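A.B. asks: Okay, predicted coordinates and the sequence, questions at the end:
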Amino acid sequence: MIHSTLEVIKSRIQLLLQEKQPILIAIDGRCGAGKTTLAADLQMLCSCNVVHMDHFFLRPEQCTPERLNTAGGNVDHERFLQEVLIPLNRSEALSYRPYDCQTQALTEEIQISPKPINIIEGSYSCHPSLNKYYDLTIFLTIDETEQMHRIECRNGKSAALQFREKWIPLEERYFSAYSIAEFCDLRFHMGNSTARQVNTDA
């Protein structure tokens, strides 16, 4: 992850910690933009908790037409709110079972202890039902060509086609419906070897 990006975020975190603890940070944005990498880098830098929104996709029995027709509805934000976000906000220990899209089943329980800094990373993390709990929101964007290149390298050509035809349109619908990028406190455009800050509310 680009050093300057980490420094900007680290500075914001330090300011927030002077005001309150715990703090909750969301990293939303386009697939392939580097959300997971950024969260991992911040975890090494700040020794914080990291929770992945990928663990909260809908289970098959939840995938009703009505739910899937709702922007951002393909994530179980209700379960995420009750099992993760509310306990983190109260500085309470928590546990949850990630959903594995490959096996279509809940996996072994993950336990998380309270820490001053908590990061939620992944698309749909800034869903309107969740965003009031965050102290800092970050949006990562990326050019389409670089996005597809990264996804193909990471997931293979067949999966990249599914991303282009299914997952990316769902993300874009969610971003547009709720003005996610405009809502976020910090925005970064992630390039192949560069990162450029797009805006800040400061």
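C.D. replies: Perfect, I can see it now. For clarity, every value in this text was computed on a predicted model and none was experimentally measured.
A.B. asks: Could you use CA atoms for every contact and neighbour count after this?
C.D. replies: Fine.
A.B. asks: so Asn74 touches Thr64, yeah?
C.D. replies: No: using Cα atoms under 8 Å, Asn74 is not in contact with Thr64, being 9.7 Å away.
A.B. asks: okay, these two: which has more neighbours?
C.D. replies: Between Asn74 and Thr64, counting by other Cα atoms under 10 Å, Asn74 is the more crowded of the two (20 against 12).
A.B. asks: wait, what's in contact with the more buried one?
C.D. replies: Phe57, Leu58, Cys63, Arg67, Leu68 (Cα atoms under 8 Å, 6 or more residues apart in numbering).
A.B. asks: Kindly reformat those residues as a markdown table containing distance to Glu121 and neighbour count.
C.D. replies: Shown next, in a markdown table, are these (distance: Cα to Cα, whole Å; neighbours: other Cα atoms under 10 Å):
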| residue | distance to Glu121 | neighbour count |
| --- | --- | --- |
| Phe57 | 13 | 22 |
| Leu58 | 17 | 22 |
| Cys63 | 23 | 15 |
| Arg67 | 22 | 14 |
| Leu68 | 22 | 15 |
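A.B. asks: Which of the residues you listed sits closest to Ser176?
C.D. replies: For those, the closest approach to Ser176 (Cα to Cα) belongs to Leu68, at 15.9 Å.
A.B. asks: Who's the closest spatial neighbour of the closest one, skipping the chain neighbours?
C.D. replies: Nearest non-adjacent residue to Leu68, counting by Cα to Cα, 6 or more residues apart in numbering: Asn74, 5.8 Å away.
A.B. asks: ok, that neighbour to Ser158 distance?
C.D. replies: Distance, Asn74 to Ser158, by Cα to Cα, to the nearest Å: 21 Å.
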